[in-house]
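Enquirer: Take a look and give me a structure for this.
(chains A, B, C and D, ligands or ions: 2)
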Amino acid sequence: MRFRCRVEVELKPGLLDPQGKAVEGSLPAMGWTNVSNVRIGKAIWMDVEASDEQTAIARVQEIAERLLSNPVIERFVVRSVEEIPRLTFEDHA
Amino acid sequence: MRFRCRVEVELKPGLLDPQGKAVEGSLPAMGWTNVSNVRIGKAIWMDVEASDEQTAIARVQEIAERLLSNPVIERFVVRSVEEIPRLTFEDHA
Amino acid sequence: MPSDQPLHRALGLTDEELEAIRTTLGREPNPNELAMYGVMWSEHCSYKSSKIYLRTLPTEGRHVLVGPGQDAGAIDIGDGLAVVFKMESHSHPSAIEPYQGAATGVGGIVRDIVAMGARPIALLDPLMFGPLTEERNRWLFEGVVAGIGGYGNCIGVPTVGGEVHFAEPHSTNPVINVMCVGVASADDLVTAAREVHEGSLMVLIGAATGRDGIGGVSVLASRTIEEDAAETRPSVQIGDPFAEKLLIEACLELVRRDLLEGLQDLGGAGLTCAASESTARSRMGSEIDLDVVPLRAPDLEIWEILTSESQERMLAIVSPDRLADVREVCTKWGLASSVIGKLVAGGGLAVRKGGEVVAQVPARSLADEGPIYERPARQPRGLDELEQDDPTFSTVKASPLDSFLTVLASPNVASKRWVWEQYDFLVQGGTVAGPGADAAIVRIEGALKALALSTDGKGRFGHLNPYLGAAHAVAEAARNVAVMGATPLAITNCMNFGNPERPEVMWQFAESVRGMADACSALETPVTGGNVSFYNESGDSSIWPTPVIGMLGLIEDHRLLVRPGFTGPGLVVYLLGETFPELGGSEFAEVVLGKVAGRAPALDFDSERALHRVLIEGSRKDLLASAHDCSEGGLAVALAESAITGNVGFAVALPGDVPWYVTLFAESASRAVVSTTLEAAAALEALAEEHHVPVFPLGETGGPRMVFDSLFEVTVEEARAVYEGTIPKLLAGEGRSAPGS
Amino acid sequence: MSRRPRIGVVTFPGSLDDRDARRAVAAMGGEGVPLWHSHSDLQGVDAVILPGGFSYGDYLRTGAIARFAPIMEEVRTFADAGGPVVGICNGFQILCEAQLLPGALIRNRQLRFVCRFVDVRVETSLSPLTEGLVPGEVLTVPVKHGEGQFVAGAEELDRIEGEGLVVFRYCAPDGSFDDEHNVNGSLDSIAGVRNEVGNVVGLMPHPEHAVDPDVGPTGGQPMLASLLSYALARV
Ligand SMILES: Nc1ncnc2c1ncn2[C@@H]1O[C@H](COP(=O)(O)OP(=O)(O)O)[C@@H](O)[C@H]1O
Ligand SMILES: [Mg+2]
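Expert: Numbers count the residues shown, from 1 in each chain, chains lettered A, B, ... in the order given. Ligands and ions are numbered 1, 2, ... in the order given. Next comes the predicted model:
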């Protein structure tokens, strides 16, 4: 079976996110106030062939740990689309 | 009230995603097979002060449209954390 | 595709063009064939409006190895080496997606150079935007610069020069040109003269074909922006510079090991263009099989495969006995290679899919026999009045100091450091003089020889007088090379214009070509290639006619090069060349008097050549401590830049019989500010006199201040702050229009 | 007469300054030995340089994919045995990803690529690039990167500083530190670090682009001279 999985990677909380900060800084001049705490991470999607969802997620977990994130500065969460149906673009489902 | 919101931006389907392609291409050599269709997008989090969730989401929608994406090559979805509680890192909730 | 009009019109073909296709084929074309003719006969690919004019350009010279008509021109620089160079526009895609538009522009021109078998060693990027006070223009500017850097930096080709101009007409139509320069051993050049054989294989190398950029460049660049807005939007492509880097290395290894009979990039019009051009060039026919083309999406239509502009692909012609070696090289670099067809007898291009012939047309009819138009041309109304409105003798209310600071702070004049610091100008280790000098100097590996490279466009002059605008662009590009001590050899160019279906634009084009031709003949710098970019207009706003010239020069020993900055105190400063009362089209007239009007400065080719001789000989005889050409902002800016760059002040005396603003700000051609030691001064004067170049001692260098006679003085530090600060400040929001306005 | 040290320079897909590094090594009297990413063989070199560039396009994260290349196993073994390893720019990023060096490199504070000649101050003589140099010495070398901002968690940074692992810092021409000269916003102006043992060093500036007086300042000469003698001393 094929599972569409999603890894979200972001900088660890204590670290400054230069990109997020820049976006936040540009908002007021464009007329948007009341927005704070902007952080920019990655959303990585992939299809995994596996016998069941748990196996698929375990595989992605491993990939995320070793390749998709750098533990020195980042953390991540893995979800399969089954778990988060409403999150996705329509055709991902 | 403050709402934590999340925008996910990705390249439109059909467009080449060089990052996803490079990651996918490197997986077999690292021992991971059965993974395909890797696409890398952005996950952008922000806190929005607003009277209700709908207003917050509308604001983020606007920001995503004007600042965070270019409709020529990208598309996006906006969600507030209330809608997707299980997706997040613990302290995002 | 919209269904409310006949297919051929939806594909951009006229009824007459359809008729011509019917005549060629002797039957009704099928939809796939129509799509192929649609892209190949587009303005962008066929040059149908410009061809009759381009034929009048001088293309021959003793250094020319390859002239116009191939992927890029080539110049012999001696020692068995050839320099390959070409410029191209990517303005239309960049106007809707600046990062990717500019990035893929770099990728495309680099592949043109690689297709000739040359290693790309330098990039230059002439750019034009609307004023940075508008948010959208800042977005375009920042995105384009990031895109050029993002792609060029990642493939390891240094971006060593270019230019940036700002003018209102570019608000809706930014101009993005990129020039690439490569070097090959003359024996390795992959030219049309190579022998190809019946039965040789067509091998597609690199990326898979996807739905991105279907009809992209050819369609986008053959219409005006508002026609594009909705329908053609998705045709922007995403660049993959990493794939390009691998493609460069693989192709150059194939060339070095002599494994190829031909090599062609896939750019505008994609596979259709590459296949038909290679086939036509081979004077044979070919059969290609679309089932073999690697696809990114399985459901691509036939016409989509044929016209997709997916990036980072090349088509090689390979003899069957070399195929294994070719595949091995591709695999080494991690690239796919697919035998998609072969050369056959005859002159037809036959395309198969699923075992059936889905298109069959004479290759030459696509590649070489497109329509040619002699479109009506007419001088724009009001041009004479515009020339009459000359600002040279207007009353000037601003003080000399204020005028100076206003001109120095103009974004056209101010330092472009913010741009070029985003480019890796050092990689490959050959950059002897990078951005910031009049010309970039890139040394040939292992030799004292170096290339001198400059790009120049003169939009304001062209607006007033397209003939002179083009001629000045050539002269200034040559002067930029000569001030550094190099000899101008040849040019490439990119002609940026509005809609050729308007007679006024066609007239501007014809005049520009005439100006370019005259200047190139006079300066003995033949045209080896170029690109025409039409349809740079939207609504009633068209860009100024702007041919951009890419000049190639050569200096035999790079250690003799002369730089623009004053090298220390105690030097004698001279002005070479004569200043005339010419403020028409000047920076001063625009930013101080608020006028883009008047007569463009005159240009005398003999004076220009004489100046070059003095500069080049002056460098060879080591008579020059510094040299910098006078262009935008006139003498005042040339002096200020020499001081700011060299970090040393000066005091100059100015002639009293001419109004100060003419002396300081006229943009008369054929001039340079030079400095020399006291000991060499007499020899320099003698050299100038020998060549009949007027030489005026202005004063000397030294101290922390720039002293302009009794008119005003300003510290070098203060001037530097203005000069360096302008663009960063504009981008940081100072001087911005209010949000929402 | 001692032999010429053989300095291996690894080419990954997307490496760019590999030829420049070999040329610079040769100019300084060594021999630059090309090494290929997919080979598991260091050809008996005396030191290894991981050069600058955009390995795998710098996609995902800089250095993230290259660190899995077969040759990196050999580099790790070589480093563990005390062999000198130098990472320049992308090479530095790869060494951090491989956790052969502490910290990480993220996008420049200004979010733009920067190509500029900068001054760096030598902070320790205990590294292959600074063995003969005196702490406090200022060298002019170019940087050219988009992701060179050195970061580490607070504790890790304390350890890096505490153990004296900082090799270079961005500085003013007089050797003082300030925000203006911190070209990419790195923590503590850090431009280069070493490992605990002192045989592995990484830096964002490019010494290989600063050895030839015809093309610019020569602050890279003393660094590469140090590498060559360090490499020979081990043999
Ligand atoms: N403005 C010009 N001046 C001279 N030659 C030109 C000009 N524009 C185009 N050419 C020549 O016409 C040929 C076709 O140009 P182009 O389609 O841009 O090349 P390519 O097919 O490699 O993309 C090239 O050889 C080019 O050098
Ligand atoms: Mg071409």
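Enquirer: Please look at D:Phe68 and B:Ala29 and confirm they touch.
Expert: Yes. Counting by CB atoms under 8 Å, B:Ala29 is a contact partner of D:Phe68 at 7.0 Å. Using the backbone N, CA and C atoms, a C-beta is placed for each residue, glycine as well.
Enquirer: Those two - which one has more neighbours?
Expert: D:Phe68 (20 against 12; other CB atoms under 10 Å in any protein chain shown).
Enquirer: Roughly how far does that one sit from ligand 2?
Expert: 36 Å (CB to the ion, to the nearest Å).
Enquirer: Excluding covalently adjacent residues, which one is nearest to that residue?
Expert: In space, and not counting its chain neighbours, D:Phe68 is closest to B:Met30: 5.3 Å by CB to CB, 6 or more residues apart in numbering or on different chains.
Enquirer: Point to the helix or strand of the chain where mean pLDDT is at its lowest.
Expert: Going with chain A. strand A:74-80 (a mean of 89; mean pLDDT, DSSP states H and E).
Enquirer: Chain C was what I was after
Expert: Min over SSEs of chain C, mean pLDDT, DSSP H and E: helix C:225-228 (a mean of 47).
Enquirer: Flag every buried residue along stretch D:212-223.
Expert: D:212, D:215-217, D:219-223 (16 or more other CB atoms under 10 Å in any protein chain shown).
Enquirer: same thing with stretch C:379-393?
Expert: C:380, C:383, C:386-387, C:390-392.
Enquirer: Kindly report the same for stretch D:130-148.
Expert: Buried-residue list, stretch D:130-148, by 16+ other CB under 10 Å: D:130-131, D:133, D:139-148.
Enquirer: what's the most distant pair in these?
Expert: The two members of the buried residues of stretch D:130-148 with the most space between them (CB to CB) are D:Glu131 and D:Gly146, at 30.5 Å.
Enquirer: Give me the neighbour count for the residue nearest to D:Phe68.
Expert: Residues near B:Met30, counting by other CB under 10 Å: 13.
Enquirer: where does it sit relative to B:Val23, distance-wise?
Expert: 10 Å (CB to CB, to the nearest Å).
Enquirer: again, but for C:Met36
Expert: For C:Met36, the distance to B:Val23 - CB to CB - is 35 Å.
Enquirer: One more: D:Gln93?
Expert: From D:Gln93 to B:Val23 the distance is 16 Å (CB to CB).
Enquirer: Show the contacting residues for the residue nearest to D:Phe68.
Expert: B:Met30 makes contacts with A:66-67, D:68, as judged by CB atoms under 8 Å, 6 or more residues apart in numbering or on different chains.
Enquirer: cool, and D:Asp18?
Expert: So D:Asp18 contacts D:9-11, D:34, D:51, D:53 (CB under 8 Å, 6+ apart).
Enquirer: Where is the longest helix in chain D?
Expert: Taking DSSP state H as the criterion, chain D has its longest helix at helix D:220-234.
Enquirer: wait, which of the buried residues of stretch D:212-223 is closest to C:Thr715?
Expert: D:Pro217 (26.0 Å).
Enquirer: In three-state terms, label C:Asp456 for me.
Expert: Put simply, C:Asp456 is strand when judged by DSSP: H, G, I helix; E, B strand; the rest coil.
Enquirer: ok, what's across the strand from it?
Expert: C:Asp456 has the following beta-bridge partners by DSSP bridges: C:Ile549.
Enquirer: Can you check the pLDDT for it?
Expert: We have a pLDDT of 98 for C:Asp456.
Enquirer: Could you pull up the residues touching it?
Expert: With CB under 8 Å, 6+ apart, C:Asp456 has these contacts: C:126, C:163, C:473-474, C:476-477, C:480, C:548-549, C:551.
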